[in-house]
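Visitor: 3D model of this:
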Amino acid sequence: MSTGGRRLMRATARIVAVPDGRGGTGLPTLAGEPPLLVRRTGARQPGVPANVHLVGGAAGPLGGDRLRIEITVESGASLVIRTVAASIALPTPDAHGRPDTSLVEVHATVAPGGTLHWLPEPLIAAAGCDHDAVTTVEVADGGTLVWRDELVCGRHREPSGDVRLHTTIRYAGRTLYRHDLSAGPAAPGWSGPAVLGTSAASGAIGGGRATGSLIVIDPAWAAGGPPPAAPVGDTAAVMPLPGPAILATAVGGDLRAVRGPLDACLHLTPALG
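Guide: Numbering: from 1, shown residues only. Presented below is the predicted three-dimensional model:
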């Protein structure tokens, strides 16, 4: 299939993590199609999670692309997934001069006793893009999850494109977190202080260009409960969720203002130990 003379990308990456029988984690399925290339990195030792990096094999996603990442973590396995660089959603004008919508879906399941850390670099919504990101995570009772997502609206000194984030995280068979966020010219008020906060650089009310969230599900909190709600600096906060979980959110003028508070919240959980 093509649009505007360009062949659209249809690609899927699959990662399955299982115990390797020696105290570590094996990856019997580690497969991707361009531009979703997956590589195992780091040491292979007992007690050390399996590390995987997603490597972009092409620019994008570009308008019209359909990409999907499927992750399965079985009981006793521990997996950390990162990306080597930010993902930049780019436009591709179709034959009518309008941008096609690009789509990236991430679907993950974590079994009891399994651990998944999803710590990618941010999504950047380049000017003129029209992009959907759909995330669905199913964590079984007793599973552990660390899930970070970040969005930067436009590259340096560039207006934002249109982007929509849809995130659902379920734990023990019930919905723990459901969040939709729209940003860009088609979303009225998206750059106001109620959505993306204030840019410290400009000092003006509103003008934030970046946001991020961190969700941690840690069975170790089942007895005593997760940490209480608290601010993290001036533009971030952490709050407990109705389960052994926390949600941290941050807004700011750039990625640095978002990443710092979220990194600080990582230390609230022994799941990162």
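Visitor: my read: Pro61 touches Asp100, true?
Guide: No - at 10.4 Å, Pro61 does not count as touching Asp100 under the criterion of Cβ atoms under 8 Å. C-betas here are computed from N, CA, C, even on glycine.
Visitor: so those two - more neighbours on which side?
Guide: Neighbours per residue, other Cβ atoms under 10 Å: of Pro61 and Asp100, the larger number sits with Pro61, 28 against 21.
Visitor: tell me where the model's unsure across this structure.
Guide: 1-7, 57, 93-99, 197-207, 269-273 (pLDDT under 70).
Visitor: if you skip the residues just before and after it, what's nearest to Ala186?
Guide: Using Cβ to Cβ, 6 or more residues apart in numbering and skipping residues adjacent in sequence, the residue nearest Ala186 is Asp162, 4.6 Å away.
Visitor: the one you found bridge partners, please.
Guide: Counting by DSSP bridges, Asp162 is bridged to Asp130.
Visitor: Asp263 should be in a helix, yeah?
Guide: Yes - the assignment for Asp263 by DSSP: H, G, I helix; E, B strand; the rest coil puts it in a helix.
Visitor: quick revisit: measure the residue nearest to Ala186 to Leu54 for me?
Guide: Between Asp162 and Leu54 the computed distance is 24 Å (Cβ to Cβ, to the nearest Å).
Visitor: residues contacting Ala11?
Guide: The contact partners of Ala11, by Cβ atoms under 8 Å, 6 or more residues apart in numbering, come to 32-36, 65-68.
Visitor: which among those residues count as buried?
Guide: Under a neighbour-count criterion of 16 or more other Cβ atoms under 10 Å, the subset of the contacts of Ala11 counted as buried comprises 32-33, 35-36, 65-68.
Visitor: helices along the stretch 151-273 of the chain, start to end?
Guide: Counting by DSSP state H, counting those that start in this stretch, the stretch 151-273 of the chain has helices at residues 255-266.
Visitor: neighbours around the closest residue to Pro61 other than its chain neighbours, how many?
Guide: Of all residues not flanking Pro61 in the chain, Ser102 sits nearest, at 4.1 Å (Cβ to Cβ, 6+ apart). Counted with other Cβ under 10 Å, residues neighbouring Ser102 total 26.
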